[in-house]
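In: Fold the following and give me the result.
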Amino acid sequence: MSRDPFYTYHPIINIIFFTVVITTTVFLLNPIILVLSYSAAFVYSVRLKGRKALKFNLLYMLPLMVFAAAINVLFVHEGATILGYFSNGNPITLESLVYGLFSALMIGSVIIWFSCYNEVISSDKVIYLFGRILPKTSLIFSMVLRLVPMYKAQIGVISNAQKGIGRDFHTGNLFQRARNGLKILSIMLTWALENGVETSDSMKARGYGLKGRTSFSIFRFDARDRALAVSLGALMAVFSYGLGIGRFYFRIYPTVKWTELTKTSIPFYISIAVIFFLPIILGIMEDIKWKHLKSAV
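Out: The predicted structure is shown next:
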């Protein structure tokens, strides 16, 4: 992954950002906030992973969101505003339709945000953040984060090796392909078990988890991190104040009701919008900076 500017900030800044955006998306069923969250997550994931993220968001997440919205309309019939009836007599309500759409948007946003989280919060950042508090748990969690890409790469190596001797799962009849596939799986499981034992012995030899053990860290909370922390704190304070006075209130059942968007509400929505789009803003600023430096050479 190319080093996105937000990736280079201190892990505490990274974890606070993702905690705020994911928590806000889950617990505030406000249409404007959900649209902002989904838009920011979509753009940031594409910025981080390019076409791979675009394919995932459109081919997998979009159908999942449509399915989630449809399921709510089919099985939830609460609400006072009836739009029509199914053939079995169950009502189709505006409230169930709105709740289904917003729930689908929330699910999609959270999943995409977590995909961005996995790109930004690396295993060394997890150990740095939680290693002293929960050494064993943080180690296990950091190992889990790298299991899928590591195993995917290793099974590719094993498959290529077996292919070189004519034993991959694309060679021979159906029975031979199945046998070759099981052989590759057996080799993969053996390697995984050996790798687990080696990792355990390595960490034990290094004294991981022992009382008083010190650890090396490359992370330093510098002036740039302090500036972003202050800015993020100010934005969160404005947003929290707006939340406290009910500017983001939105109710669906029994009827749809919300606090109307007025001029006094705009600063509060701007604050959460800037928070959602913060990594993208930092990336754009970095791109402009590099273009300016290149043109000056």
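In: what bridges to the nearest residue to Leu83 once chain neighbours are set aside?
Out: The spatially closest residue to Leu83, leaving aside those adjacent along the chain, is Ile92, at 4.8 Å (Cβ to Cβ, 6 or more residues apart in numbering). C-beta: built from backbone N, CA, C; applies to glycine. With DSSP bridges applied, the residues forming beta bridges to Ile92 are Gly84.
In: Dump stretch 66-77 to PDB, keeping only the CA atoms.
Out: Coordinates of the C-alpha atoms in stretch 66-77 are reproduced here as PDB (Å, rounded to 0.1, in the frame of the first residue of the first chain):
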ATOM      1  CA  VAL A  66     -30.000  -3.500  -1.400                       C
ATOM      2  CA  PHE A  67     -30.700  -6.900   0.100                       C
ATOM      3  CA  ALA A  68     -30.600  -5.500   3.700                       C
ATOM      4  CA  ALA A  69     -33.000  -2.700   2.800                       C
ATOM      5  CA  ALA A  70     -35.400  -5.100   1.000                       C
ATOM      6  CA  ILE A  71     -35.300  -7.600   4.000                       C
ATOM      7  CA  ASN A  72     -36.500  -4.800   6.400                       C
ATOM      8  CA  VAL A  73     -39.400  -3.800   4.100                       C
ATOM      9  CA  LEU A  74     -40.500  -7.500   3.700                       C
ATOM     10  CA  PHE A  75     -40.400  -8.500   7.400                       C
ATOM     11  CA  VAL A  76     -41.000  -5.200   9.300                       C
ATOM     12  CA  HIS A  77     -44.400  -3.600   9.000                       C
END
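In: and Met106, helix, strand or coil?
Out: Using DSSP: H, G, I helix; E, B strand; the rest coil, the secondary structure recorded for Met106 is helix.
In: Tell me how many other residues crowd it.
Out: The criterion is other Cβ atoms under 10 Å. On that basis, Met106 has 21 neighbouring residues.
In: quick revisit: pretty sure the residue nearest to Leu83 contacts Phe86?
Out: Yes: with contact defined as Cβ atoms under 8 Å, Ile92 and Phe86 form a contacting pair (6.6 Å).
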